[in-house]
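got a sequence here, can you build the structure:
(2 chains)
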Amino acid sequence: NAGVMQNPRHLVRRRGQEARLRCSPVKGHSHVYWYRQLPEEGLKFMVYLQKENIIDESGMPKERFSAEFPKEGPSILRIQQVVRGDSAAYFCASSPKNTAGNDGYTFGSGTRLTVV
Amino acid sequence: AQSVTQPDIHITVSEGASLELRCNYSYGATPYLFWYVQSPGQGLQLLLKYFSGDTLVQGIKGFEAEFKRSQSSFNLRKPSVHWSDAAEYFCAVGVKTSYDKVIFGPGTSLSVIP
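All right, here's what the predicted structure looks like:
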């Protein structure tokens, strides 16, 4: 059983470029959550998606950030026109239902974005 | 608003010593409570969870945590720390909105002295 797969593990972008982070949830999980971890900080919730729907995007910056979870394929977190402040570790988690019950969320190993 | 606090940013213990990491939460109802561990450069691994019932929960790697409603706390403990326990530890609370939203504390970094 593969866990949550995130790629790439490390991503370097120049200021102004686009960053695309991918997350393949655990097989059978249809709920995906994205978190951002800034240096010396905990994980901050960004967005919660079900297949083809954004359920809660209250943690997403209003501009430049978007997320999708298509019917087929991985969830994508897209950051347009990256700035140095976007440098962080981005974690994806998945769950089989919209509850934190049973085993909570299953987390991926993260994508570490560095903006130069 | 719901929140999780972990008062200790960094803790250093000697190998073999006991450990307690503190966690307090702010939430109007009984939440789901979690402890996760993050090794350097890795993702998060679930150590243990509390949903209901027995307030003392056992987890993996010899960890346990106790839910104390009166103190809004969920402290993590281990009787004897191993060098491999050095990592970042996150307490988290699951709050009920239209779904169970998991909110994390800022984390406690644990160093272990051989």
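
not counting its neighbours along the chain, what's nearest the spatially most central residue of chain A?
With distances taken as CA atoms, centre = their mean, the residue of chain A nearest its centroid is A:W34 (3.5 Å). Closest residue to A:W34 apart from its sequence neighbours, by CB to CB, 6 or more residues apart in numbering or on different chains: A:M46 at 4.4 Å. Every C-beta, even on glycine, is put in place using the N, C-alpha and C of the backbone.

sheet partners, orientation included, of the helix or strand containing that neighbour?
A:M46 belongs to strand A:43-50 when assigned by DSSP states H and E. Pairing partners of strand A:43-50, with direction, according to DSSP bridges: strand A:31-37 (antiparallel), strand A:53-56 (antiparallel).

up against chain B, what does chain A have?
A:4, A:6, A:31, A:33, A:35, A:41-45, A:48, A:55-56, A:91, A:93, A:98-101, A:103-105, A:107-110, A:112 (CB under 8 Å from any CB of the partner chain).

quick revisit: reformat the strands paired with strand A:43-50 as CSV; add mean pLDDT.
Formatted as CSV, the strands paired with strand A:43-50 follow (pLDDT from 0 to 100):
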stretch, mean pLDDT
strand A:31-37, 95
strand A:53-56, 94
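
strands along chain B, start to end?
Listed in chain order, the strands found in chain B under DSSP state E are B:3-5, B:10-14, B:19-21, B:24-26, B:32-38, B:44-50, B:56-58, B:64-68, B:73-78, B:87-96, B:100-104, B:108-113.

follow-up on the earlier one: wait, doesn't the residue nearest to the centre of chain A sit right on A:R78?
No - the pair A:W34 / A:R78 is not scored as a contact, 10.9 Å apart, by CB atoms under 8 Å.

need the residues touching each of these two.
A:A67 (CB atoms under 8 Å, 6 or more residues apart in numbering or on different chains).

how far does the lowest-mean-pLDDT helix or strand in chain A sit from the chain's center?
In chain A, no helix or strand scores lower on mean pLDDT, DSSP states H and E than strand A:106-107, which sits at a mean of 90. Relative to the chain's own centre, strand A:106-107 is displaced by 11 Å; criterion: CA atoms, centre = their mean, to the nearest Å.

which residues touch that strand?
Here strand A:106-107 has contacts from A:3-4, A:25-26, A:29, A:91-95, B:36, B:43-45, using CB under 8 Å, 6+ apart.

could you find the lowest-pLDDT member of those?
Among those, B:G43 carries the weakest pLDDT, at 84.

beta partners for residue 56?
Chain wasn't specified; assuming chain A. A:D56 has the following beta-bridge partners by DSSP bridges: A:Y48.

was after chain B, sorry
Beta bridges link B:L56 to B:E66, judged by DSSP bridges.

between the helix or strand of chain B with the lowest mean pLDDT and strand B:87-96, how many degrees?
The weakest-scoring helix or strand in chain B, judged by mean pLDDT, DSSP H and E, is strand B:100-104 (a mean of 89). On the basis of axes from the mean of the first three to the mean of the last three CA atoms, to 10 degrees, strand B:100-104 is oriented at 150 degrees to strand B:87-96.
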